[in-house]
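Engineer: sequence and predicted structure below; questions after.
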Amino acid sequence: MGKASPALLLKMAYIDEGLGDYVQALFHLNSYYSMTSNEQALDKMRSIAEKKDLVGYKYSDYSFFRNLLTKFKGEIEMCLCSILLLLSFLSFRKKQAMKAFRPIIYIQIGLVFIFGLWVNDVFEYDRAIINADNVILMSAPSAGAEPVEIIEKGHLIEVLSRHDTWVKILWYDQEVFIKTQKLLFI
């Protein structure tokens, strides 16, 4: 799907809810929230989740912070690159002018670089909505693994990693696996 506008996502969520397709409504509301950080979208998602007894729709300040970081990813990366370039330039000029080793500037460059790596790790935040009924959660990424639980559609889950056709997720503080085609990635 291409990049939809926030207004279109809201309309699609409204239509899907009217048609009784709460999974698609939640998907579009999550996409809308990712773009706008609108509290009313959160309230609507919570309302639908409560009616359907769904897991994963509790948002915290940390979730809000991660959403904002993701929203402004490009701007943050540009600022960090600019700071690194400026510090490198200053380091080079001081080294040329003083002919002496100044470790503080290298420590600053290292700290900015480490902060950039941390921020980039935050951007890897993946969430998905289960879009099929009677989905079997497995203990390992294999059809021959032990089933852990059978769940219904609509739950919002955190994706930990991807393994070919399997996705490792966190389900009630337990790492389990689910087939990729059973998920709508946000």
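Structural biologist: Great, that's in hand. Residues are numbered from 1 along each chain as shown.
Engineer: buried residues, stretch 69-77. List them.
Structural biologist: Ile76 (16 or more other Cβ atoms under 10 Å). To be clear about C-beta, it is placed using only N, CA and C from the backbone, and glycine gets the same treatment.
Engineer: start to end distance for that stretch?
Structural biologist: Its start and end residues considered, stretch 69-77 measures 10 Å (Cα to Cα, to the nearest Å).
Engineer: and it, average pLDDT?
Structural biologist: For stretch 69-77, mean pLDDT is 77.
Engineer: against which helices or strands is the longest strand along the chain packed?
Structural biologist: The longest strand of the chain (DSSP state E) is strand 156-163. Where contact means 3 or more Cβ pairs under 8 Å, 6 or more residues apart in numbering; DSSP states H and E, strand 156-163 is packed against strand 126-130, strand 166-171, strand 174-179, strand 183-185.
Engineer: okay, these in a markdown table with mean neighbour count next?
Structural biologist: As requested, the helices and strands packed on strand 156-163 are exported to a markdown table (neighbours: other Cβ atoms under 10 Å):
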| stretch | mean neighbour count |
| --- | --- |
| strand 126-130 | 20 |
| strand 166-171 | 18 |
| strand 174-179 | 18 |
| strand 183-185 | 17 |
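Engineer: domains in this protein, by residue range?
Structural biologist: 6-55, 72-122, 126-185 (automatic domain parsing).
Engineer: kindly reformat the ones you listed as TSV containing distance to Tyr62.
Structural biologist: As requested, the domains of the chain are exported to TSV (distance: least, Cβ to Cβ, whole Å):
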stretch	distance to Tyr62
domain 6-55	13
domain 72-122	10
domain 126-185	12
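Engineer: least reliable of those by average pLDDT, please.
Structural biologist: Across the domains of the chain, domain 72-122 gives the lowest mean pLDDT, at a mean of 72.
Engineer: now the spatially closest residue to Glu158 that is not a sequence neighbour: how far from Val159?
Structural biologist: Spatial nearest neighbour of Glu158, chain neighbours left out: Leu170 (4.9 Å); criterion: Cβ to Cβ, 6 or more residues apart in numbering. Note on Leu170: its distance to Val159, by Cβ to Cβ, to the nearest Å, is 8 Å.
Engineer: go on, Gly18?
Structural biologist: Using Cβ to Cβ, we find Gly18 at a distance of 29 Å from Val159.
Engineer: neighbour-wise, which of those two wins?
Structural biologist: Neighbours per residue (other Cβ atoms under 10 Å) separate Gly18 from Val159, with Val159 holding more: 19 against 9.
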